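[1] Quick one, structure for this:
(2 chains)
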Amino acid sequence: MIEPQPVRASAVFFALLRRDIRVARKELIFFLVRTTMQPLLFLIVFGYLLPKMSFLGKGYQTVLLPGILAVSLSVSAIQSVALPMVQDFGWTKEIEDRLLAPVSTQLIAAEKIIAGSLQGVIAAAFVLPIARLVMGPIPALTLSHAGEVLIMVVFGSVAFSALGMWLGTAIAPQQIGLMFSVIIAPMLFFGCAYYPWRGLDVVPVIKYLVLINPMVYVAEGMRGALTPEVPHMPLPLVGLALLTIVAIFWTLGMRSFHKRAIG
Amino acid sequence: MPRGEIVALKGLDLEVHEGEFFGLLGPNGAGKTTTIGILTTRVRPTSGSALVGGADVSSAAVRVRQRIGVVPQRPNPDRSLNVIENLIFHAAYFGIPASKALPRANELLEQLGISDKAQAKVDEMSGGQQQRLMIARALIHEPRVIFLDEPTVGLDPQTRLSLWGILRVLHDEGRTIVMTTHYMEEADKLCDRIAIVDRGELLELDTPEALKQRAPGGTLVELTLAGDASPVVEVARQLEGVLRVEANGPLLRVYSDRGGRIISPLIALAENTGVVVTNISLTEPSLETLFVSRTGRKLD
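    Residues are numbered from 1 along each chain as shown, chains lettered A, B, ... in the order given. Next up is the predicted model:
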């Protein structure tokens, strides 16, 4: 048999990425609605209505903004990987055509995580101006640390996209509803998105318990980069924590994908 | 092997020659799909080894994937892409640029009679059309070996016939084809050689002609009785033209060289013995009768 020319892994990687971008573009409107709806509702109630009714101080907006961004990018990154994985492996088997590509299954999983992270980054970029629009001028918000903001957004997106890969391949399709109520909802509410971590000084037990929640580091990172005046975790520490989280979820996600891919 | 694990294949030793149209014939649960899964690198064998074009499916999976095309049992197109995109992207996953893939994709759609669907959404296609798209996808990167897992299940007779035509053309082009099926006729008409498998084991392996010669003589008449069939066996053996009789619970199997004419004496006999006949079936000597004689069961 004639030996076919080996295919360059990078060529396949970019073909897979092009496929995901093509599909994302077709569904852009749905993606943006899905991404913006929840943060928008939060912004209207907690960032606009309650401060206007004087139930919440003006300063709360400053605390809320980085948290809302963290939530948007994380949820978007998780969903953009977990949902297609659950569908593809559970019912449609549509991913088969990619699993037959002449590259390692790890590369296919890595591409999915990267594509998911891109959606996280886009979500953050989209929600920030909307937040500014709904809440009006936000005291202490600065974009002078744009580099740090970008690093936090990228680290957070990759971490949660990899988590999405793990959840999407490890959870049975019938239990996907549970994923939202049992994993994602607590993650959001104990993720220091709606209050700063230092605020938890008043309840030390919760303050230290929430440290197992990856969302805390994304929210605190965004806080440190966007509103440095609000008390927050030191950014180098946040960066280190996020890198560790990326390494853990990446490994778990890859392993779980491979297990589902090769029966 | 851990307890409770299902053994799908118990040792299937086969060699498929280059350019051969090879059939794996067996009932559901025979291990056919597992075999295809292993050969296409999608299922990891717990023991044993398999080579495709000299490359090991476990240690050189990437090389194996590069030389094969796979048509799955159920169409699994990428539903987020339209028909032509399905082909162009699949080609891209094999490193083929769109400029080369597009003319080839159009040519394949033309050959398979679905060129009018090029821009259609996959969901707008019928089952048969989707199965053709799967064949086009399996061919877009010009593989030398093609695996088809029950490609005609669920297709109407006309579509099945036209698929057979397509498969014959692929075979004539010199490609190696490995196909699973539980349709006797399909295996008989298309394959150079057939492996009959059941419960993960190889029962027979030969050309369709040689296999049919091995089938026990005569027409198989199966009677389902209201009670146990064994009391009838001895008397049935005395009937003229009866070659062989077996009983299996309420099932009475009679091989006869008198064809369908044996039916009425058989019914009379059964009723004389005091048992009621509830069902009758008749099968000419074929791969089917060979399978029944080897396994005691029918194919579907």
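[2] how many neighbours does the residue lying closest to B:Gly241 once chain neighbours are set aside have?
    In space, and not counting its chain neighbours, B:Gly241 is closest to B:Arg258: 3.5 Å by C-beta to C-beta, 6 or more residues apart in numbering or on different chains. Where C-beta positions appear, they are placed from N, C-alpha and C, glycine not excepted. Residues within reach of B:Arg258, counting by other C-beta atoms under 10 Å in any protein chain shown, total 16.
[3] For B:Arg258, give me its contacts.
    For B:Arg258, the contact set (C-beta atoms under 8 Å, 6 or more residues apart in numbering or on different chains) comprises B:219, B:240-241.
[4] ok, and residue 164, which helix or strand is that part of?
    Using chain A. Per DSSP states H and E: A:Gly164 is located in helix A:146-170.
[5] that's the wrong chain, I meant chain B
    Element membership of B:Trp164 [criterion: DSSP H and E] is helix B:157-172.
[6] And that helix, how far out from the chain middle?
    Taking C-alpha atoms, centre = their mean, to the nearest Å, the mean C-alpha location of helix B:157-172 is offset from the chain mean by 14 Å.
[7] So the residue nearest to B:Gly241 versus chain A, what's the distance?
    Per C-beta to the nearest C-beta, to the nearest Å, B:Arg258 is found 49 Å from chain A.
[8] Poorly predicted segments of chain B, please.
    B:1-8, B:300 (pLDDT under 70).
[9] wait, A:Ile206 sits on A:Leu200?
    Yes: the criterion here is C-beta atoms under 8 Å, and A:Ile206 meets it with A:Leu200 at 5.5 Å.
[10] Please identify which of the two sits among more neighbours.
    Set A:Ile206 next to A:Leu200 and count neighbours by other C-beta under 10 Å: A:Leu200 wins out with 18 against 10.
[11] Now the more buried one: phi and psi?
    phi -80, psi 0 (degrees, to the nearest 10).
[12] do the same with B:Arg253
    phi -110, psi 120.
[13] Residues contacting the helix or strand hosting A:Phe13, please?
    Taking DSSP H and E as the criterion, A:Phe13 maps to helix A:9-26. Helix A:9-26 has contacts (C-beta under 8 Å, 6+ apart) with A:31, A:80, A:98, A:101-104, A:107-108, A:110-112, A:114-115, A:118-119, B:78, B:80-81, B:85, B:89, B:92-95.
[14] buried residues in it?
    Going by neighbour count (16 or more other C-beta atoms under 10 Å in any protein chain shown), the buried part of helix A:9-26 is A:11-13, A:15-16, A:19-20, A:23-24.
[15] now the helix or strand just after that helix and helix A:9-26, what's the angle there?
    Past helix A:9-26, heading to the C-terminal end, the next element that is a helix or strand (DSSP H and E) is helix A:28-42. Here helix A:28-42 points in a direction 70 degrees away from that of helix A:9-26 (axes from the mean of the first three to the mean of the last three C-alpha atoms, to 10 degrees).
[16] I'd like to know which elements the biggest helix by length in chain A is packed against.
    If you go by DSSP state H, chain A has its longest helix at helix A:105-135. Under the contact criterion of 3 or more C-beta pairs under 8 Å, 6 or more residues apart in numbering or on different chains; DSSP states H and E, helix A:105-135 touches helix A:9-26, helix A:28-42, helix A:59-87, helix A:96-99, helix A:146-170, helix A:235-261.
[17] Nearest to B:Glu234, out of those helices?
    helix A:96-99 (54.7 Å; C-beta to C-beta).
[18] What lies in contact with that closest one?
    With contact meaning C-beta under 8 Å, 6+ apart, helix A:96-99 is reached by A:16, A:19, A:105, A:108, A:261, B:42, B:70, B:72, B:76-78, B:86, B:89-90, B:93, B:137.
[19] Dihedrals phi and psi, the spatially closest residue to A:Leu209 that is not a sequence neighbour?
    Counting by C-beta to C-beta, 6+ apart, A:Phe190 is the residue found nearest to A:Leu209 once chain neighbours are left out, at 7.7 Å. Phi and psi for A:Phe190, reported as degrees, to the nearest 10, are phi -100, psi 30.
[20] Against chain B, how distant is A:Phe190?
    A:Phe190 is 35 Å from chain B, by C-beta to the nearest C-beta.
[21] Make sure that residue is actually in contact with A:Pro214.
    No: assessed by C-beta under 8 Å, A:Phe190 is found out of contact with A:Pro214, at 11.0 Å.
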